[in-house]
Structure formats: structure tokens, C-alpha cells
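**Student:** quick one: sequence and predicted model below, then my questions.
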Amino acid sequence: MQDTCIKFFHQSTCDQVVSADKMMLQARGPVWHRKQPKLDILPKGLTGLATAASWSYRKSDGWVYGHGTFCMVACRNRILGAFKWMRNSAHEAKRMWLETGKLKGLITTVLMDSKADDQALFFQMQRQRRILLLTTPRKGTDNSPARKRMIKGLTPRKNKRLDKQRSCTVEPLQGVVKDIVDLETCWMRGNANNRWLFAAMGVVVQMHQYQAWQEGRSTWAIKQEVLGR
């Protein structure tokens, strides 16, 4: 359903630039110490543990034990594309590669943070998807001809302007979704449960955003419509 919605949206609006990111959400119940899952150690008396959750780290959040959501936003109209469960410890750039395969021919550019700074992925996106991956290259890594070609492709003024859209699209829209559905902590335990729940949340937000866009209203001020109040 979500894939059909986002394809229709890009076809009808010609919004060809998307911004993508992963959001980390704390699991319900207690946390499982990072060393214990690797050793399959389940402490006695630790009840209500979400054993399917995993650890991941981000500078802004620190270490989080829980689940992740993969989020993709159409930049010009600021409408949610994908909002799907992903393993918290999984890499968002790899998930982006899978999701953009469904949008080949509909988008031209993907914006991601430095987690997507991958030379092989950059050129693979261009060769196989005809999509430009704009990301923030790590400092001090321009030490090969291929790497220098990649960085040169990221630095034109036009691309720098595009990259700034990430901070005003996918990052704040993730916060909007969290606020609308009160998603500070995962509602459920288990990968399958959270997979269908996040997908349902994403479709509901997509539908109301698209309606607001058609009516010329803010695509972000939709909380009352989503909640039916």
C-alpha cells in the first residue's frame, strides 16, 4: 500500500528529490545490555524484555535499544513517502538502496546524512538507478581518484543547496509523525508487530498529507485530521 501511494505521488507531482533517514525508537520494557544478546544471556527476573529489539548509536541520541523506522520524504512538497520498520542495528543506506529500486525513473536525487558516505554505493546509484546520492563525505578521505570524483560530484553549489533540504524535510517530519501517533516508545514487541504498525502509521499520514496538499493547506498541520478530533 505504501509503495503504491508513493509511486502515485511522484508520478502526479513530479517531485523528484527525496530525503531519507532512520529514526531510532526505544523498545517497550527494560533494556538488554549490549554484551548479553551476543552471548545469548537473559538475566533472571528481567521480565517484559523485547528480545527482538537491537542496539544502535547516533550522536544526537546516544545508544538506543529498540526498533528503527526508515523514513523517506518528498522534498519539494514535504510529503511522507516511506515510513517502515527496520532493524535498529541495520544500516539505513542499505535500506535506502532497496527502497529506491521501487522508484527508478521517478526520482533523480536522494539526500542522506554521512551514514550514506559510501563510494561504491554512490557510483552504484548512478549506474543502476540513474540517481544522485547526496551525502556529507567524511573528512580526510579524499585519497583515491574514485573518491575524489565522488566528492567533486557532491560539492557544486546546486547540490549543496539541495543537501540543506534534509534538515527541513525528513528530520523534522519524523518528529511530526512521532507527535501525531505518540511514538516516543514502540507500542508493541516483536518485529512483525512493529512492521505492520509502522506501515499503517505511514499510510495514514500519507493520505492526510496528500489531501492537505491537494487543498493547498500545510502538509504538516494534519494531527487533528489523523486523530479524528
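**Tutor:** Looks like it came in fine.
**Student:** so how far is residue 37 from residue 120?
**Tutor:** Distance of residue 120 to residue 37, given as Cβ to Cβ, to the nearest Å: 29 Å. In short, each C-beta sits where N, CA and C put it, glycine included.
**Student:** same thing with residue 162?
**Tutor:** In terms of Cβ to Cβ, residue 162 sits 39 Å off from residue 37.
**Student:** between residue 120 and residue 37, which one's more packed in?
**Tutor:** Higher neighbour count among residue 120 and residue 37: residue 37, with 16 against 9, using other Cβ atoms under 10 Å.
**Student:** ok, the closest residue to residue 96 other than its chain neighbours - contacts?
**Tutor:** Sequence neighbours aside, residue 20 is the residue nearest to residue 96 in space, at 4.8 Å (criterion: Cβ to Cβ, 6 or more residues apart in numbering). With contact set as Cβ atoms under 8 Å, 6 or more residues apart in numbering, residue 20 has these partners: 70-73, 82, 92, 96, 99, 110-112, 170.
**Student:** one more time with 7 Å
**Tutor:** 71-72, 92, 96, 110, 112, 170 (Cβ atoms under 7 Å, 6 or more residues apart in numbering).
**Student:** ok but it is inside a helix, no?
**Tutor:** No: applying DSSP: H, G, I helix; E, B strand; the rest coil, one finds residue 20 to be strand, outside a helix.
**Student:** longest strand in the protein, by number of residues?
**Tutor:** If you go by DSSP state E, the chain has its longest strand at strand 62-74.
**Student:** which elements pack onto that one?
**Tutor:** strand 17-26, strand 54-58, strand 79-86, helix 92-100, helix 170-181 (3 or more Cβ pairs under 7 Å, 6 or more residues apart in numbering; DSSP states H and E).
**Student:** residue 134: neighbour count?
**Tutor:** Residue 134 has 21 neighbours, counted by other Cβ under 10 Å.
**Student:** surely it meets residue 159?
**Tutor:** Yes: counting by Cβ atoms under 7 Å, residue 134 touches residue 159, with 5.6 Å between them.
**Student:** what lies in contact with the longest strand of the chain?
**Tutor:** Strand 62-74 is touched from outside by 9-10, 15, 18-27, 31-32, 53, 55-57, 79-88, 90, 92, 95, 99, 169-170, 173-174, 186, 194, 198, with contacts defined as Cβ under 7 Å, 6+ apart.
**Student:** neighbours around residue 166, how many?
**Tutor:** What residue 166 shows, counting by other Cβ under 10 Å, is a neighbour count of 22.
**Student:** distance of it from residue 110?
**Tutor:** Using Cβ to Cβ, residue 166 is found at 10 Å from residue 110.
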